[in-house]
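> Give me the fold of what follows.
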Amino acid sequence: MSTSGSELTRDDLLQQINSTWDEFQAYLAALTPDQLTRPTDAAGWTAKDHIMHVAVFDNVALALLERRSRREAAEVSPEVWDQDDDPINAVIQQRYRDLPLDQVMQAFNENHDRLMQKLNGMTEADLMLPYRHYQPQATDERPLLTWMPWETLYHYRDHLNWIAAIGEN
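Numbering: from 1, shown residues only. Purely as a prediction, here's the structure:
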């Protein structure tokens, strides 16, 4: 199975997203509510904060596929969006930090389900269209298929690793 964007197929992408998502879900299911909400990483994030971050960015990925504003989907001001990731992530973490765990998990699962429903309805040809087709203000000519692993499975792996590191401290 290919992992490079240029050789990745639609079916490979969907399989890899599903596999990574299942791994993420299994890990989270093994944690207690206390483990999800109390310990923090060096930046002060709980596992719950990481989970909500992934939920928000699944919604951002869906906005990309639906040709909507990614920034608006994240509900971040243009001034913050134009900065690097840290200020964007800080806004999102502060916005949702007090949301109850059950609501975070609901958003996490629902946003992922909506994203996957959209991706499952797309063809290989849809995913081979350039990024700028989905975000008309962009100039990037790379196929959307090269973007989607970063928007999904690589993002899930990153946050899974960060959540696991919280538990090790």
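> Would you state the helices of this protein in chain order?
All helices of the chain, identified by DSSP state H, fall at 10-29, 33-37, 47-65, 70-74, 78-81, 85-96, 101-120, 124-128, 131-134, 144-151, 153-168.
> Deepest-packed of those helices, please.
helix 47-65 (a mean of 23; mean count of other Cβ atoms under 10 Å). All C-beta atoms are positioned from the backbone trio N, CA, C, and that covers glycine.
> quick one: contacts for Gln135?
Leu64, Arg67, Arg70 (Cβ atoms under 8 Å, 6 or more residues apart in numbering).
> Next, the second one: phi, psi?
According to degrees, to the nearest 10, the main-chain angles of Arg67 amount to phi 60, psi 30.
> Tell me the gap between stretch 45-62 and the middle of its chain.
6 Å (Cα atoms, centre = their mean, to the nearest Å).
> Can you give the contact residues for that stretch?
Contacts for stretch 45-62 (Cβ under 8 Å, 6+ apart): 28, 31, 35-40, 70, 73-74, 89, 92-93, 96-97, 99, 101, 104-105, 107-108, 111-112, 114-115, 118, 148, 151-152, 155-156, 159, 162-163, 166-167.
> mind redoing it with 6 Å?
By Cβ atoms under 6 Å, 6 or more residues apart in numbering, the residues outside stretch 45-62 that reach it are 36-37, 40, 70, 73-74, 92-93, 96, 101, 104, 107-108, 111-112, 114-115, 118, 151, 159, 162-163, 166.
> And stretch 113-121, by the same measure?
In contact with stretch 113-121 (Cβ under 6 Å, 6+ apart) are residues Asp58, Ala61, Leu62, Leu65.
> Now do the end-to-end distance for stretch 126-141.
End-to-end distance of stretch 126-141 (Cα to Cα, to the nearest Å): 14 Å.
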